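*Asks:* I would like the atomic coordinates for the input below:
(one chain, ligands or ions: 2)
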Amino acid sequence: MHLLEETLLAITGVNEENQKNQKEYIATLLKTPDGLGKLEKMNIQLSGIEKEYRVKKKAVVVMAADNGVEEEGVSASKRVITQYVVEAMVAGEASISSLCKSLGSELFVIDLGIDSTRVFKGAITHKIMPTGTYNIRKGPAMSREQAIEAIEVGIDIVRELVEKDYNLFAVGEMGIGNTTTSSACLKALTNLPLVELVGYGSGIDERTLGLKIAVVEDAVRINKPDVNDPIDIIQKLGGLDIAAMTGVYLGAARYKVPIVLDGLISGVSALLAYRMNAHARDYMIPSHISEEPGAKWIMEALCFNPMLHMNMKLGEGSGAVLVFPLVEAASNLTRDIRVYPEV
Ligand SMILES: Cc1cc2ncn([C@H]3O[C@H](COP(=O)(O)O)[C@@H](O)[C@H]3O)c2cc1C
Ligand SMILES: O=C(O)c1cccnc1
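*Replies:* Ligands and ions are numbered 1, 2, ... in the order given. The predicted model follows:
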C-alpha cells in the first residue's frame with residue numbers, strides 16, 4: 001500500500017473523553033469562566049491530541065520549489081529569488097530563520113524542485129521535478145504520481161522528526177509564483193469569485209493583479225480539476241510545495257502532534273489535507289490572518305478563528321511560528337493554576 005493511502009487510513013480523531021475531562025477540570029480553576037478564552041480551547045484541543053501534552057521540541061518545516069506559472073509574469077519577483085531566499089534560510093539569515101531563533105524552534109528546509117542544480121547545504125534534498133512544476137496556464141503542474149510522491153515527502157518528514165522528539169510543528173513554504181498556484185487550488189476548493197481569492201502576493205501592482213486573475217481563471221478552465229479529488233487539484237493546479245505541505249498536515253494527524261497553519265499557501269494545503277481526511281483538522285492550530293484575500297476564506301472553510309492580526313503577507317511559516325509560545329502557554333495552564341477554593 002502507498003504511504004499516502006496507509007496514512008489516510010491510519011488517521012483518527014482526537015480523544016474526546018480526555019477533552020471532556022479537561023474541560024470539566026478547567027472549570028474548577030481559580031479564574032473566571034472561560035477567562036483565558038482561546039488559550040483554554042487550545043489546552044482542551046491539546047489534551048485530546050495527547051493526555052498530558054507538553055511541548056518537547058519545535059520544528060518549522062519549509063517546503064521549497066519553483067512554479068512553472070512564474071513565466072506568466074504573475075509575481076513581482078523573478079524565480080531566482082526562490083534560491084536566494086532558501087540560501088538565506090539555511091544560512092540563518094531569512095525572516096523565518098530569525099523568528100525561529102527568537103522563538104527556540106528548529107528550521108527544516110526541503111528542496112522539492114528549486115530550479116537550480118545547486119545543492120543547498122543545510123537543506124534536505126528531495127527533488128521531484130528538477131526545475132519545478134510546469135506552467136498551470138498551459139496544462140497540469142505535475143503528474144498524479146509526482147503529486148503523491150511530494151505529499152509522501154511531507155508525511156515522511158513528520159515521521160522522522162517525531163522519532164527525534166519534535167512534537168510541535170509549523171509549516172511554511174518558499175517558491176516564487178506560489179500565491180498564483182494556491183489561489184488556483186483555492187478556486188477549485190471553494191468556487192468563490194476570483195477577486196475574493198487572488199491578491200498582491202509578494203507585491204505586484206494593480207495591472208499585474210488583473211493578469212494574475214486571468215491566469216488563474218485560464219488554469220482552472222484548461223485543467224478542469226475534479227473538485228472532489230484533492231490530489232487531482234494538487235496535480236493540476238498546485239505546486240510541489242503545496243503537495244508536500246499537505247503531507248505534513250496529514251503526517252501530523254497520523255502521528256498525533258499539533259501543527260500550526262501559516263498564511264494563504266500553507267492554509268490551502270491545510271484545506272486540501274482536511275478534504276482528504278476531515279480528522280486532520282483536529283490537529284491543526286490557526287495562527288495569523290494573512291493579508292492575502294483568500295486567507296479569510298480558508299479560515300471560514302476550516303471554521304478557524306485566527307489569533308493574530310499582524311498585517312503579515314510573507315509566508316515561510318513566519319506567522320505560524322509566532323503562535324508557538326501561545327501553544328506552550330496553553331499546554332501548561334492546567335499544570336500550574338490552582339483550583340477554586342470552597343467558599
Ligand atoms: C524576497 C522574498 C522573500 C520571500 N519569502 C517568502 N516569500 C513569499 O513570496 C512568494 C509568493 O509570492 P508570489 O506569488 O507573488 O511570487 C513565495 O515564495 C512566498 O514564500 C517571499 C518573496 C520574496 C520576493
Ligand atoms: O499568505 C501567505 O502565505 C503569503 C502572502 C504573500 C506572499 N507569500 C505568502
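*Asks:* going forward, measure contacts between C-alpha atoms and count neighbours the same way
*Replies:* Fine.
*Asks:* And the pLDDT for residue 287?
*Replies:* You'll see residue 287 listed with a pLDDT of 98.
*Asks:* Correct me if wrong: it contacts residue 262.
*Replies:* Yes - contact between residue 287 and residue 262 holds when scored by C-alpha atoms under 8 Å: they sit 6.2 Å apart.
*Asks:* Name the residues contacting each of those two.
*Replies:* Residues touching both residue 287 and residue 262 comprise 319-320, with contact defined as C-alpha atoms under 8 Å, 6 or more residues apart in numbering.
*Asks:* Could you check which of those two is surrounded by more residues?
*Replies:* Neighbours per residue, other C-alpha atoms under 10 Å: of residue 287 and residue 262, the larger number sits with residue 262, 33 against 26.
*Asks:* any idea which element the closest residue to that one other than its chain neighbours lies in?
*Replies:* Excluding the flanking residues, the one nearest residue 262 by C-alpha to C-alpha, 6 or more residues apart in numbering is residue 320, at 4.5 Å. Taking DSSP states H and E as the definition, residue 320 sits inside helix 318-321.
*Asks:* now that helix: how far from the chain's centre is it?
*Replies:* 10 Å (C-alpha atoms, centre = their mean, to the nearest Å).
*Asks:* Need phi/psi at residue 125.
*Replies:* The phi/psi pair for residue 125 (degrees, to the nearest 10) reads phi -100, psi 120.
*Asks:* Could you do residue 129 as well?
*Replies:* phi -130, psi 120.
*Asks:* List phi and psi for the residue nearest to it when sequence neighbours are not counted.
*Replies:* Once flanking residues are discounted, residue 129 sits nearest to residue 113: 5.0 Å by C-alpha to C-alpha, 6+ apart. When read as degrees, to the nearest 10, the backbone of residue 113 gives phi 170, psi 50.
*Asks:* My guess is residue 113 contacts residue 68. True?
*Replies:* No - if you go by C-alpha under 8 Å, residue 113 and residue 68 don't touch, sitting 10.7 Å apart.
*Asks:* what's the overlap in contacts for the two?
*Replies:* Joint contacts of residue 113 and residue 68 (C-alpha under 8 Å, 6+ apart) are 132-133.
*Asks:* and residue 177, how many neighbours does it have?
*Replies:* Residue 177 - counted by other C-alpha under 10 Å - has 28 other residues nearby.
*Asks:* For residue 305, what is the enclosing helix or strand?
*Replies:* Counting by DSSP H and E, residue 305 is found in no helix or strand.
*Asks:* Relative to residue 166, how far out is the residue nearest to residue 262?
*Replies:* Residue 320 is 16 Å from residue 166, where distance means C-alpha to C-alpha, to the nearest Å.
*Asks:* what does residue 177 give?
*Replies:* With C-alpha to C-alpha as the criterion, residue 177 and residue 166 are 30 Å apart.
*Asks:* what comes up buried for whichever strand or helix holds residue 207?
*Replies:* When elements are defined using DSSP H and E, residue 207 is found to belong to helix 206-223. Residues 208-209, 212-213, 215-220, 223 are the ones in helix 206-223 that count as buried (16 or more other C-alpha atoms under 10 Å).
*Asks:* Please apply the same query to stretch 53-67.
*Replies:* Neighbour-count burial for stretch 53-67 flags 53-55, 57-67 (criterion: 16+ other C-alpha under 10 Å).
*Asks:* could the residues you listed go into CSV alongside pLDDT?
*Replies:* Listed next are the buried residues of stretch 53-67 as CSV, based on pLDDT from 0 to 100:
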residue, pLDDT
53, 98
54, 97
55, 98
57, 98
58, 99
59, 99
60, 99
61, 99
62, 99
63, 99
64, 99
65, 99
66, 99
67, 99
